[in-house]
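*Asks:* Provided below for reference: sequence and predicted model.
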Amino acid sequence: MSLGFKYAAKNEAPIYESVVNGNGKKIVNRILMGTYVTVVEDLGDFLKVFTVGTDGWMKKSDLSDHMGLKIFYLDVGQGDGVLIEVGNIRILVDAGPGKNMHGYLTKFQYTYLIKAGKKVHIDYVFVSHFDLDHYKGFIEIMKNEHFTFGTIYHSGILKFASSSTYNTGLGNVTGSGSSKLLTTYFDDLLTHTETNAFNRDITNFMEQLVAMQSSGRISTTKRLGAGETPLDLLIENKTFRIEALGPIMETTPSGKGFKYFTNDDGKTINGHSIILKLTFGQRTFLLGGDLNSSSEKYLMEKYHPSNPFEVDLAKSCHHGSSDFEIDFMKKINPFATVISSGDNEGHAHPRADAIGCAGKYSRGERPLVFSTELARSVDMRTRKILFGMINVRCNGDEIHISQMKEVKKYEDLWDSYAI
């Protein structure tokens, strides 16, 4: 019979096989800060718990009523995919190019809800931009009727199958030289009136939006831009805030829209990724989509002399591409960087200079650089690829970053670092 539930109060909290003379005997499992446990027995300073992996006994002092903030940087291959949990809120920021995110959510993270016949509600979705390695993975999740959605935020810039109607593949661009402005953009994707065909994958995404709206599985969609704060809450007596630092929309004599970078559709849609700054208690996190050198210069100029980009932990922009500005990295100045990339592609991400600079332009004597690709392992018996993940846990003061060791032993499962 359950006596309630708790959460691990420290990282790699030990679980013991038994309690002898008031002491835990033989560690059989270690769980990360914020991991949920079901309490089934009370024995003095110890509680018997059921949890992920091997069950056993935990010290009461290693448990808490508060979960804190969890960030899961999933190995989605060549792309980005992040799950965030805080309080009772679930957030997805991108979902990669394929089925990895859907598989993780359905076969691991929320299996207990699906098996119980309950809906998995994702309160907020952020599509950083409409490159398929960031949004295509959402399509599989949207098809699954076990999932419902609150608000889907997006950057407002979509791709068309042909530029015959417009003068670029992203829509109409006005002005000339460095003053070119992309004036075609979308606010609410559920009510757009555009009749021209988008490219194939965006069309599939839009069709799933319509299907979800028809079945009542989505609330709203909204274009998100710099200066907006979609969440600002008090959770577990700590501030949880999400601020958008980009993209920046301009109004010029040529019209209202987004700066068109270097006469290039790709640079423009990447450069106007949604940039999110998260705050939980005293700690901060940055998610910058696929920012590039052109957009980073632009953002530094727009925000000068202030610097809202400095954070404790950052996701590397554009999967560790060489297309970055050192001055922008200096402004981020994190203790740790997570690079999300894959190896089945021709970009060779992460690039050596991006890895080196991520370490060089960071705080601390031992700066940390994590890679979702390096967190991946292979089952040597079956040769099956076991996709990796970077686990981040924060209680508002401490940040712990962990990845699984390749030899999966519950009593010694994690490679963890604190910042």
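*Replies:* That came in fine, so what should we check first?
*Asks:* Quote the end-to-end distance of stretch 307-319.
*Replies:* End-to-end distance of stretch 307-319 (Cα to Cα, to the nearest Å): 23 Å.
*Asks:* can you tell me which residues contact the residue nearest the centre of the chain?
*Replies:* Nearest residue to the geometric centre of the chain (Cα atoms, centre = their mean): residue 82, 2.5 Å. Residues in contact with residue 82 (Cβ atoms under 8 Å, 6 or more residues apart in numbering) are 71, 72, 73, 74, 92, 93, 94, 287, 315, 340. Bear in mind the C-beta positions are built from the backbone N, C-alpha and C, glycine included.
*Asks:* Tell me how far residue 238 lies from residue 397.
*Replies:* 9 Å (Cβ to Cβ, to the nearest Å).
*Asks:* what sits in contact with each of these two?
*Replies:* Taking Cβ under 8 Å, 6+ apart as the criterion, residue 238 and residue 397 both touch residue 281.
*Asks:* Tell me which residues are up against whichever helix or strand residue 102 is part of.
*Replies:* Under the criterion of DSSP states H and E, residue 102 resides in helix 100-104. Defining contact as Cβ under 8 Å, 6+ apart, one finds that helix 100-104 is touched by 74-77, 81, 83, 92, 95, 137-138, 140-141, 144, 387, 389.
*Asks:* what's the spacing between that helix and its chain's center?
*Replies:* Relative to its chain's centre, helix 100-104 lies at 13 Å (Cα atoms, centre = their mean, to the nearest Å).
*Asks:* Restricting to C-alpha, output that helix in PDB.
*Replies:* Only the C-alpha atoms of helix 100-104 are listed here, as PDB (Å, rounded to 0.1, in the frame of the first residue of the first chain):
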ATOM      1  CA  ASN A 100      13.100   9.500 -31.400                       C
ATOM      2  CA  MET A 101      11.100  12.000 -29.300                       C
ATOM      3  CA  HIS A 102       7.800  10.200 -29.900                       C
ATOM      4  CA  GLY A 103       9.500   6.900 -28.900                       C
ATOM      5  CA  TYR A 104      10.900   8.400 -25.800                       C
END
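*Asks:* tell me the average confidence for that helix?
*Replies:* Here helix 100-104 scores 94 as its mean pLDDT.
*Asks:* count of residues packed around residue 364?
*Replies:* Counted with other Cβ atoms under 10 Å, residues neighbouring residue 364 total 12.
*Asks:* so what's the nearest residue to it once chain neighbours are set aside scoring on pLDDT?
*Replies:* Excluding the flanking residues, the one nearest residue 364 by Cβ to Cβ, 6 or more residues apart in numbering is residue 335, at 5.1 Å. Note on residue 335: pLDDT of 97.
*Asks:* Which of the contacts of residue 82 sits closest to residue 268?
*Replies:* Using Cβ to Cβ, residue 94 comes nearest to residue 268 of the contacts of residue 82, at 18.3 Å.
*Asks:* Return the residues in contact with the closest one.
*Replies:* Residue 94 makes contact with 79, 80, 81, 82, 126, 127, 128, 134, 135, 137, 289, according to Cβ under 8 Å, 6+ apart.
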